[in-house]
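*Asks:* Show me the folded form of this:
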Amino acid sequence: MKIAVFCGSSSGENPEFVRATKDLGRYLAGNEIDLVYGGGKVGLMGTIADSFLENGGKVFGVIPEHLKEKEIAHKDLTELKVVSDMHERKATMARMADAFVALPGGAGTLEEIFEAWTWAQLGHHSKPCAFYNINGFYNPLIEMISKMSDSGFLKSQYAEMLIHTDRSEDLLVAIKSYKAPQQKWT
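*Replies:* Model (predicted):
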């Protein structure tokens, strides 16, 4: 199984983000999960890749040419695909992955996991989408998703399809047991 991880190109201010990211990489690699990610060597991106590699996991990076040229590409991966732009990066990662997980990050992280989640709602795929909620990082967003549902802008089945946990064991169990809801517009 390959899990796509979206996360920050920064490590954040709280050292717990790095510690929990390392632990997640160790746990997933130890359970024969492969990593698909954005191909960078910096921030939590580099941390998750290094943790997988240090624990015998396979790591598949996908990076746009312009970021590779800025020398932020991780050079020690199982495989690094260089693509033309961010759109191609996301499409390539989506094809490669069996599930999507967001760790703490910024606007790019949110954009990536929300696109994967939207694609799932529309039936473009039936893969699980998850927030790995380190130190409650995603609590306000999870509350906002509930508000979207409570306000009639999001069917509850689509809010409930999102996995959110801060425990690696629970994350993997939820991903492996995931059942997609009925597609939107059917």
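*Asks:* Tell me the helix or strand right after the helix or strand harbouring residue 100.
*Replies:* In the assignment (DSSP states H and E), residue 100 maps to strand 99-102. Toward the C-terminus, strand 99-102 is succeeded by helix 107-121 as the next helix or strand (DSSP H and E).
*Asks:* For whichever helix or strand comes after that following helix, which residues meet the burial criterion?
*Replies:* On the C-terminal side of helix 107-121, the closest following helix or strand by DSSP H and E is strand 129-132. For strand 129-132, the neighbour count (16 or more other C-beta atoms under 10 Å) marks 129, 130, 131, 132 as buried. Yep, even glycine has a C-beta here, placed from its N, CA and C like the rest.
*Asks:* ditto for stretch 55-67
*Replies:* So for stretch 55-67, counting by 16+ other C-beta under 10 Å, buried means 57, 58, 59, 60, 61, 62, 63, 64, 67.
*Asks:* and the last one, what element?
*Replies:* Put plainly, it is residue 67. helix 65-69.
*Asks:* contact partners of that helix?
*Replies:* 39, 40, 73, 82, 83, 84, 85 (C-beta atoms under 8 Å, 6 or more residues apart in numbering).
*Asks:* now swap in stretch 78-91 and tell me
*Replies:* 34, 38-39, 58-66, 68, 73-74, 92, 112, 115.
*Asks:* try stretch 164-174
*Replies:* Under the criterion C-beta under 8 Å, 6+ apart, residues 20, 23-24, 27-28, 31, 33, 101, 128, 130-136, 138, 142, 163 lie in contact with stretch 164-174.
*Asks:* Show me which of the residues you listed are buried.
*Replies:* Here, 16+ other C-beta under 10 Å leaves 20, 24, 27-28, 33, 101, 128, 130-134, 138, 142, 163 buried among the contacts of stretch 164-174.
*Asks:* and which of those residues is nearest residue 14?
*Replies:* residue 134 (8.2 Å; C-beta to C-beta).
*Asks:* Pull the most distant pair out of the buried residues of strand 129-132.
*Replies:* 129 and 132 (11.3 Å).
*Asks:* intersection of neighbour lists for those two?
*Replies:* Listed as contacting both residue 129 and residue 132 by C-beta under 8 Å, 6+ apart are 101, 102.
*Asks:* For the helix or strand of the chain with the lowest mean pLDDT, output the C-alpha coordinates as PDB.
*Replies:* Sorted by mean pLDDT, DSSP states H and E, the helices and strands of the chain end with helix 65-69, the least confident at a mean of 84. Below are the C-alpha coordinates for helix 65-69, written out as PDB (Å, rounded to 0.1, in the frame of the first residue of the first chain):
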ATOM      1  CA  GLU A  65      10.900  21.000 -12.200                       C
ATOM      2  CA  HIS A  66      11.000  24.500 -10.800                       C
ATOM      3  CA  LEU A  67      11.300  23.200  -7.200                       C
ATOM      4  CA  LYS A  68      13.900  20.600  -8.200                       C
ATOM      5  CA  GLU A  69      16.000  23.400  -9.700                       C
END
